[in-house]
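Colleague: here are the coordinates; sequence isn't available:
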């Protein structure tokens, strides 16, 4: 129900009495978001259209379970991450690739927004949760 923000900003309000993050945490999150966006811009050129189209077809296939789609997305991210320069942390590359693929899929078929967002969130929670927590707390 909240507004989707892709620039690292919050939607401006919280529901159910969720506490707001302290300003220092907010600044850290903005810096991290800006860095990830910059990396994403670099990766954007590397992702071939056929990879996005293949993922779109998986998301459009109603017969596939959420777990099957998440597993497929995980395989695609891992394959793409192998072509990333070795000087970058593997987890960071995978995080950026997952977010970039989400953006590309939704730009291709906007009606998939909810399904793609949910799958990406599940993937990140399953595969990258500890990395994200460490990155924000560092």
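Modeller: Looks like it came in fine. Here the structure is a predicted model, which means the values were calculated and not measured.
Colleague: middle-most residue in the chain, spatially?
Modeller: What sits nearest the mean C-alpha location of the chain, by C-alpha atoms, centre = their mean, is residue 99, with 2.5 Å.
Colleague: Please, which helix or strand holds that residue?
Modeller: helix 90-108 (DSSP states H and E).
Colleague: and the next element down the chain from that helix?
Modeller: helix 113-127.
Colleague: Buried residues of that following helix, list them for me.
Modeller: By neighbour count, with 16 or more other C-beta atoms under 10 Å as the criterion, the buried positions of helix 113-127 are 115, 116, 119, 120, 122, 123, 124, 127. All C-beta atoms are positioned from the backbone trio N, CA, C, and that covers glycine.
Colleague: ok, now stretch 77-85?
Modeller: 77, 80, 81, 84.
Colleague: roughly how far apart are the last one and residue 50?
Modeller: If you measure residue 84 against residue 50 using C-beta to C-beta, to the nearest Å, the figure is 19 Å.
Colleague: Could you do the first one as well?
Modeller: Counting by C-beta to C-beta, the gap from residue 77 to residue 50 is 16 Å.
Colleague: Quick check: which ranges of the protein have low pLDDT?
Modeller: 1-24, 42, 45-46, 85-86 (pLDDT under 70).
Colleague: run the last query once more with 80
Modeller: Along the chain, the parts satisfying pLDDT under 80 run over 1-29, 31-48, 83-88, 135-138.
Colleague: All the helices of it, residue numbers only.
Modeller: 23-44, 49-60, 66-81, 90-108, 113-127, 129-137 (DSSP state H).
Colleague: out of the ones you listed, deepest packed?
Modeller: Among the helices of the chain, helix 90-108 has the highest mean neighbour count (mean count of other C-beta atoms under 10 Å), at a mean of 20.
Colleague: Give me the packing partners of that one, helices and strands only.
Modeller: For helix 90-108, the elements it packs on are helix 23-44, helix 49-60, helix 66-81, helix 113-127, helix 129-137, judged by 3 or more C-beta pairs under 8 Å, 6 or more residues apart in numbering; DSSP states H and E.
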